[in-house]
Structures are given as structure tokens and as C-alpha cells.
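Undergrad: structure of the sequence below:
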Amino acid sequence: MRARLWLLAGCFFAVPATALEQVVLQLKWHHQFQFAGYYVAKEMGYYRDAGLDVEIRAASPELDVVDEVVSGRAQYGVGSSSLLLDWHKGAPVRVLGVLFQHSPLVILALQRSDLRTVHDLTGKQLMLEPHSEEIIAYFHLEHVPVNDLVFEKHSFDVEALTRGDVDAMSAYITDEPAELARRSIAYTQFSPQSAGIDFYGDNLFSSEHELNKHPLRVQAFWDATRRGWRYAMEHPEEVIRLILDRYATPKDAYALRFEYQKMRDLMNPDLIDPGYMISGRWKHIASTYASLGMLPEGVEVKDFMYLPEEKMDFSRFYVPFAVLIALAGLFGLLAFYYARINRQLDQLLYFKSYHTNIGQAVATITHQWKQPLNELGTRLMRLQSLSGSQTPEQERAFDSCHDVIGHMADTIDTFSSFLRANPVKMSFAPAKVVSEVAQLFDGSLARHEIRLEIEGDEQAMLEGDPAALAHVLMVLLANARDILVERGTPQPCIHITVSALPQGVRLQVRDNAGGIRVWPVSSVFRLGFSRKLQQGAGLGLYVARQLIMERFGSDIRATNQGAGACFDIWLPSATREG
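TA: Purely as a prediction, here's the structure:
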């Protein structure tokens, strides 16, 4: 029935073909959810409304998308961050916008005792796909000798892993892991993000010729595309049926649904409008390439980015004053929203155990961020394009604004991902969860001059629900913070340790607040018990213990050690379903 509705919608909105400009969009791979927004823009008539008849072409591993666009065989293409390298080499291309805020590219290997860290890849066989420079940068930063790796031609088939033909392969976290998860095959993935390499993922780009000859068509195509992506990420099941019915995809509904779920983490659609990009991130990518000798230092990326001009009639005399006034207002708005949301986040962290539906509370805060962040980001980009040449002070001010917006988006996205209602069993690094939770407490700990020390094995991996562990850590950190403040402890300190064990991971959270002053100490996990004098419903530690027992099949042990309390958690490698 749904397929008929799509077809009827197409017929209803159809206009004579001669009235439409024909253009080609060249994808970077075969048809799948990775390109859902383009399919929606075509099938829902968004491109047609913009006066365009768009042909969407799938690709093969051998096809060069940049060459297709530069040659004119396609007007638009889907590329990766390596497009920056092509541009610097002289390819007349411009990036219109970014769809994945984080790159999906990882190294995938089956779970083996001799492949626990990225350093264990030395001497192993690795399939590496083209345009994987961020993987090479990852090896360099981790001091993995690239010359000692055995590179094989990529088959783009996960069966090469399961058969043992190779030891590891480059992969998209949205793609190959789906088949391993379907077959309950344990796997390990190594991500460049763990080394601080945070590239953009899929981007939409065009040629200088298209931008110069048809600027209005470029803008119309881009606007319709973003409209399609918004719809696609809000109606996944409907779009999955569309792809299965109308496009020759090698994937089934399970794989497309897996892809959508992973893409949400890469796109952050609840916070970031499709296509949003900033010069600061492209500078980071250029700097990473420069460290590998692929680009010279200090490449200017602004000419690489598509920044449509605002249709406003400012005179030369008033532009500088308008920019200064707008910047002052922008900084004021940023300060206001940042302070308000920080207060809401801190309050939600403190009172989270009182809520029976935390997900709804977080969704409310997320919604409050979405429009202001999108609006601020858009206005800032327009101000940059209007101001023309900028002084170093103005350029630093713009970059500072982008950094603040990025930090706000990352903070609320991390917080939202931790408090999902549905448990998810996956492979994760406990040390990374500890680090991300600690970031949420940076403000409140600094305000009370509490030192946070983190010591741990960053390579230790677990199979389980990282959101459950994050919730437990938030309870322990909030309790330690509050008791240190309440007792006025001199030189207050919280120490977190992550230790790898033969069959799991041990996690300890200690403070120097003078210890737990009840007997037996285990009473702190009793429903209704609270360590705090003034506030506390006695739910936090009780819920934390239940999560560890139910999601990890283990327990929390509370003791008094040295100058304070110690909460000790052993997390076994094999966990049961939550």
C-alpha cells in the first residue's frame, strides 16, 4: 500500500519533463540507507518542486566519483573527507555540505586473543579500501609501523573475515558489522576517533563549473536534498520500504534498519541540521593530512567550502558595523543559551533518579537546543560570507563561536546517548565511557574545586550496554561530588580506575570525603537510603546496583578505604541480555 502511495504522489506532482533541468547525482556505493535523503528528495517530489529531474546512480568499487563530477558525467557527487586532497591537487570541486558529522570508517576484526589492540595488527593481513587516509593517520598516531602491515585488495565482503582470508579490514560501522551482529559473531573494531582523528563522513559536492554556470540550480538542489534528509531521518521505516520497493539494494530490512540506527549517531539529526559544516573541522582534517605529508601546513579551506551568499543589500559603509553588532549579539545569545542549558543539565544529573522517564526529560532539553544551535550556526556562516576579507581578530572570533557551538552539540548528544531507554548490547571501551561521563561533570567539579583523576586501560573492551554503565558512573560521580561539598573536604578529590582483568574489567570510584558513616556499609544500596543530609530520595545507588546486576550479571561493592569511600565494580567479559 505504501509503495502505491509513493507512486501516486509522483504522478500527482509530475510536470512536463521539458520543464525540468536534468542532472545526475553520483553515489559512492550501491543503493542503501546511507543515501536515503536523496531517494526521498526524488520520490517525494522535492527535486521536482525545485525544477530538477535528478538521476541517482549507484557506484562500483572501481568508480572514481570525483572524476565523474569533474568530467561533467555527473553534476553532483557523494564523497568523503579525501575530497580535500583532490581539491588541493587541482580538481575543480567544492563541498556543498556534510551529512555525517563523524566518519563511519573503522578497522574491523573478529574477536581474538591476539588482536586486542590496534598494535596487534602488526604483521597481520589487512584489507584497506581506497580513500582511507584517516586509517593511515590513525596508525601513525598510534605508532603502528605501516610498513609491517600486510595490505590486501579489499573485497568489500565480510566473509573474508569469517573465512579467515584476512585478519582485519576497513569497514563502515553502518555496514559490515550488521552481518556479524545478525550471526552473533563477536568482533572488535578500532576507530581513528580513539586517537583524536575526527573526520567528517559523507559529503555532497559539485564542480566549479556547475557552481559558476548554474548557481541557482546548485542552491535549489542543495535545499531539496536537505529537505529529503530531514524527512528520511524522521520516517525510517517508511524510507526502508521505499528503498526495498524502488531501488535495487543488496540489503534486506534488517541491514537497512541497522544502518539507520548507526547513522543517527554519526549525523546527530536531533541537534544538527543535515549539511552543517564548519571551517574549524575542515582545518583539523587538513592538519591531519599535513602531519602525513599529504598537504602542506596551513592550507586555507574556506575556498573549498560552499557558502551561499545572503541576498541582502548592504552597502560597503555599513557592513563592518553590521558584522560587529551581529557578533556582539551572537556572543550574548551563546552565553545565555549555554548558561541556561548547563543549569538544566546539572539539575537533571542531580535529580535523574527521581524521574521515572529520564528519556522524556532529555528529549525536552534536546529540543530546546536544536533550533537555537541551528539558527546560530546558520547565521554565523552567513555573517562570514558577508564580511568578505577578515582581520585575524575577526577570524579568531568566528572560529571561537564555531567551537562553542560544536562543544554544546557534543555535550548534549553524549548525554542523550547515555540515557536511551532501550538497552543496547555492543562492544565498547569502558575507559571511553568514563571519559565521556567525566566531561559532563567538568563544570560542576571545577565550580567546587574538586580534582578528578582518571587512570585506566584504554584498550580494555567489554560486550554489554554502555548506557547502563554510564548511568552507574553518573550516580557514583554525583554522589561523590555532593558528599565532598557537604562535608567541606579540604583538597577534595575523586579517583576513577579502569583495570583490565583476565576475564573482564574492574572499575573503582574513590573519594576522600571521610568514608561511609553507616554500618553495615552495604546499607547504602538499600532502597530509600541516602548519604546526603539535605537531599536524596535513596534511589540512585539502588538503581545503579540493579543496572549492574541485570545488565552485566555482576555487583557493586562499597567499602571504606584510606580517606574515603570506594565503590568497586567487576564487569565480566561475557554478559547476559538486559
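Undergrad: point out where the stretch 201-350 of the chain drops to low pLDDT.
TA: Applying pLDDT under 70 to the stretch 201-350 of the chain flags residues 309-324, 328, 331-350.
Undergrad: how about the strands in it?
TA: Per DSSP state E, counting those that start in this stretch, the stretch 201-350 of the chain carries strands over the ranges 203-207.
Undergrad: quick one, helices of it?
TA: Remark: helices assigned in the stretch 201-350 of the chain by DSSP state H, counting those that start in this stretch are 208-213, 215-234, 236-246, 253-267, 279-291, 319-351.
Undergrad: and of those, who's closest to residue 45?
TA: Residue 45 lies closest to helix 215-234 among the helices of the stretch 201-350 of the chain, at 9.2 Å (C-beta to C-beta). Using the backbone N, CA and C atoms, a C-beta is placed for each residue, glycine as well.
Undergrad: next, the buried residues of the closest one.
TA: Across helix 215-234, burial judged by 16 or more other C-beta atoms under 10 Å covers 217-233.
Undergrad: check stretch 260-277 too.
TA: When burial is assessed from 16+ other C-beta under 10 Å, stretch 260-277 yields the following buried residues: 260, 262-263, 266-277.
Undergrad: what of stretch 20-37?
TA: Across stretch 20-37, burial judged by 16+ other C-beta under 10 Å covers 20, 23-37.
Undergrad: hang on, residue 32 packs against residue 259?
TA: Yes: assessed by C-beta atoms under 8 Å, residue 32 is found in contact with residue 259 at 6.2 Å.
Undergrad: identify the contacts common to these two.
TA: Contact criterion C-beta atoms under 8 Å, 6 or more residues apart in numbering; residues shared by residue 32 and residue 259: 175, 251.
Undergrad: show me where the stretch 451-578 of the chain dips below the pLDDT cut-off.
TA: Along the stretch 451-578 of the chain, the parts satisfying pLDDT under 70 run over 527-539, 574-578.
Undergrad: mind redoing it with 90?
TA: Scanning the stretch 451-578 of the chain for pLDDT under 90 picks out the ranges 455-472, 474-475, 478-479, 482-483, 485-489, 499-506, 513-563, 570-578.
Undergrad: for it, what spans make up the helices?
TA: Secondary structure of the stretch 451-578 of the chain (DSSP H, counting those that start in this stretch): helices at 466-487, 540-552.
Undergrad: before we move on, the earlier item: show me which of the buried residues of stretch 260-277 is closest to residue 113.
TA: For the buried residues of stretch 260-277, the nearest to residue 113 is residue 262 (27.0 Å; C-beta to C-beta).
Undergrad: just give me the closest of the buried residues of stretch 260-277 to residue 489.
TA: Nearest to residue 489 out of the buried residues of stretch 260-277 is residue 271 (C-beta to C-beta; 36.8 Å).
Undergrad: distance of the closest one from residue 558?
TA: Taking C-beta to C-beta, to the nearest Å as the measure, residue 271 falls 37 Å from residue 558.
Undergrad: next one: residue 104
TA: Counting by C-beta to C-beta, the gap from residue 104 to residue 558 is 40 Å.
Undergrad: from the centre of the chain, point out the most distant residue.
TA: Computed with C-alpha atoms, centre = their mean, the maximum C-alpha offset from the centroid of the chain is found at residue 519, amounting to 44.8 Å.
Undergrad: low-confidence stretches in the stretch 1-150 of the chain?
TA: 1-19, 60-62, 116, 129-134, 136-138, 140-143, 146.
Undergrad: list the contacts of residue 157.
TA: With contacts defined as C-beta under 8 Å, 6+ apart, residue 157 has no neighbours.
Undergrad: what's across from residue 151 in the sheet?
TA: residue 126 (DSSP bridges).
Undergrad: quick check: domain ranges of this structure?
TA: Per automatic domain parsing, the structural domains of the chain span 2-100+200-303, 105-195, 310-418, 426-572.
Undergrad: just how off-centre is the longest one within its chain?
TA: What it means is domain 2-100+200-303. Relative to its parent chain, domain 2-100+200-303 has a centroid offset of 18 Å by C-alpha atoms, centre = their mean, to the nearest Å.
Undergrad: go on, stretch 464-473?
TA: 18 Å.
Undergrad: try stretch 561-578
TA: Centroid displacement of stretch 561-578 relative to its chain, using C-alpha atoms, centre = their mean, is 28 Å.
Undergrad: which residues touch that stretch?
TA: With contacts defined as C-beta under 8 Å, 6+ apart, stretch 561-578 is touched by 423, 425, 430, 462-465, 468-469, 472, 476, 480, 483, 501, 503-516, 548, 550-560.
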